[in-house]
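Asks: dropping the sequence and predicted coords here.
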Amino acid sequence: MKILQLGLIVALTTGLSALTIYITGVSNSAGGFRVSSDDLSALSSLQSDFKKCVKANGLGLQAISGRDYCQVTIQFPSDTKPKWRDPKSGELEGLSFDFNLCEAVATWGQVRNSTTILTKEFIDALPNGWEDYAWRRINKGVQLNRCENKTLCMEKLSLVLPEMPPFIPRQFGRCAVIGNSGDLLKTKFGKEIDGYDAVVRENGAPIQNYTEYVGRKSTFRLLNRGSAKALDKVAELDETGQEVLIVKTTIHDIMNKMIREVPIRNPVYLMLGASFGSAAKGTGLKALEFALSLCDSVDMYGFTVDPGYKEWTRYFSESRQGHTPLHGRAYYQMMECLGLIKIHSPMRADFIRVVESLPSQSTIDAARSASEKLLRRVGGGKTDPWRACSIIKKREKEKTSNIAGARDAAVDHQNIFTKKFLPSSSHLRSLR
Ligand SMILES: *[C@@H]1O[C@H](CO)[C@@H](O)[C@H](O)[C@H]1NC(C)=O
Ligand SMILES: *[C@@H]1O[C@H](CO)[C@@H](O)[C@H](O)[C@H]1NC(C)=O
Ligand SMILES: *[C@@H]1O[C@H](CO)[C@@H](O)[C@H](O)[C@H]1NC(C)=O
C-alpha cells in the first residue's frame, strides 16, 4: 500500500522533472534516478526512527506517518492551547503540522555543503546573473531595469560583495545559534555559550547586561531588513568590531552610506540562502541555515521551544507579536530528529543531554540518497557526494579563497574540494 502511494509521488514528480532538467541541465538518461527497494527501506527506516526520536525528545510532541514514507505529521498534545492568531485570517494556530522528511534531508544536506554568502563569482556564474538576479538583492532594484547599467549595480553591491566565498563549509567546529526568546532569562547559559567555536546572534540582540544568560562571544549576526537599516546601532552592540554582519534581504543605499561614512568596521555580507517554504522564513531559521552551512555541529538556544509557552517574549524588550510559534517548534523538533541541530532550553538545560533515539548517520545518509533520486535533484543518489554540488559551490581551480586561520578540517575540505570535485566549465555552460 505504502509503496503504491510512493509510486504515485514518483509519478507526480516526473511531471516536474522536465522543468528540473531545464533548470539544472542534467538529464536522467543514466537511469540513476530509479528508486530501488533498498531506497524504499531506507526511507521507511528513517521514518520509523524519526517517530521514536520525536517521542523521546519532543516534550509531548508526537510524529505520525503520513500517506507515504516521506510524509510525517507532528502533533501537539490535544490539551495544548494555541495562543497565536494569524493576523490576516484571525484563526488560531493549529496543533498539527505536516512535514516532508525526504524534502528536508535532501535540502538540508545541500545546505551543509554550500557556502551561503553572496559572492560576485556566484552572480557571474549564473546564467544571466546580473540581468536576472543581481537587481533582486538591491533595494528598489526594479528601477534598475535588470541592471542595464552594470557599473551602477556593481557600485551598489560592491561594499557587501566579496569576489570569493569568505567562509567555507565546516570551517567551524561547534557552533551555537542564539534566538531572542525571553526564555533565555530562565537559565544561565552564558558560560556554556561562550565555549562554542562560533556564536551566531540575531538582529538587535544585546549582549551587554545579559552576558550571564546569553554569553559574550559573538561571531556572526543575522539581520532582517529592519535591523539592517539600523546598521550603525547594530554595530554598536558588539564592542570588538569583529562580528560579521549578514543581511538576509537586500542592500539599501542607507546601508552603503553608513558603511562608508559612520564608518562600519565590521564585515557586512548578503546571505545567499535556500528556500524552505512558508515554515521557514524567519530570521531564526535563516540563522540556523547559516550556521549549518559553516559548522560541524549546531546547537540552538533561545527559541521558545518548551511546552506551555504563554506569549512570545524577547529577553531584552517588551513582548511582541511573533509568528507561528507552534509550527516553529515542530519544525525545530524535526531538525533535531534529523540530526541537524541540538535544542537547549530551560526544560532541556542539561548540557550533556544526548538526543535519544536519533536516527543513525547511515540511516540518514541512505535516506538522503533515496530522497535525492525521488526528488530528482542534481546528481540524485550518486555516492560521490559532490555530484550533488550546486552551482553555488562553483570555484575555479587557480583561485583559492583566503582560508588562513581556518581549522585544519576546513583546509582539508577546501583542498579536496578544489582538486577533485569541481563542476567542469562545460557543466556550468549546460546550465544556460
Ligand atoms: C557533504 O560533504 C561531505 C564531505 O565533506 C560528504 O561526506 C557529505 O555526504 C556531503 N553531503 C551532501 C548532501 O552532499
Ligand atoms: C552607469 O552608472 C555609472 C555609475 O553610477 C555612471 O557613472 C554612468 O554614467 C552610467 N552610465 C549610463 C550609460 O547611464
Ligand atoms: C546596560 O545597563 C546600563 C545601566 O543600566 C545602561 O546604561 C546600558 O544602556 C545598558 N546596555 C544595554 C545594551 O542595554
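Replies: Thanks, I have it. Numbering: from 1, shown residues only. Ligands and ions are numbered 1, 2, ... in the order given.

Asks: so the residue of the stretch 51-200 of the chain found nearest ligand 1 is in which element?
Replies: Of all residues in the stretch 51-200 of the chain, Gly109 sits closest to ligand 1, at 3.1 Å by CB to the nearest ligand atom. Bear in mind the C-beta positions are built from the backbone N, C-alpha and C, glycine included. Using DSSP states H and E, Gly109 sits in helix 101-112.

Asks: okay, buried residues for the helix or strand immediately after that helix in the chain please.
Replies: On the C-terminal side of helix 101-112, the closest following helix or strand by DSSP H and E is helix 120-125. Buried residues in helix 120-125, counted by 16 or more other CB atoms under 10 Å: 120-123, 125.

Asks: ok so, going back, now do the helix holding Gly109: distance to the chain's middle.
Replies: 10 Å (CA atoms, centre = their mean, to the nearest Å).

Asks: in space, what's closest to the residue of the stretch 51-200 of the chain closest to ligand 1 - neighbours in sequence excluded?
Replies: Of all residues beyond its chain neighbours, the one nearest Gly109 is Arg368 (4.8 Å), with distances taken as CB to CB, 6 or more residues apart in numbering.

Asks: how far away is the one you found from Asp39?
Replies: As defined by CB to CB, to the nearest Å, Arg368 lies at a distance of 11 Å from Asp39.

Asks: same question, Gln75
Replies: Distance of Gln75 to Asp39, computed by CB to CB: 27 Å.

Asks: mean confidence for stretch 116-131?
Replies: Averaging pLDDT along stretch 116-131 yields 90.

Asks: measure that stretch end to end?
Replies: 21 Å (CA to CA, to the nearest Å).

Asks: ok, stretch 130-144 next?
Replies: Distance between the boundary residues of stretch 130-144 (CA to CA) amounts to 11 Å.

Asks: low-confidence ranges in this protein?
Replies: Within the chain, the stretches with pLDDT under 70 are 1-33, 274-281, 319-321, 378-432.

Asks: ok, which stretches of the stretch 1-150 of the chain are helices?
Replies: Here the stretch 1-150 of the chain has its helices, by DSSP state H, counting those that start in this stretch, at 2-24, 37-57, 101-112, 120-125, 150-157.

Asks: isn't the residue nearest to Gly109 up against Thr107?
Replies: No. Look at Arg368 against Thr107 with CB atoms under 8 Å: they stay out of range, at 9.8 Å.

Asks: of those two, which one has the most company?
Replies: Legend: neighbour count by other CB atoms under 10 Å for Arg368 and Thr107, higher for Arg368 (26 against 22).

Asks: okay, and that one sits in which element?
Replies: helix 361-374.

Asks: good, we can wrap up now.
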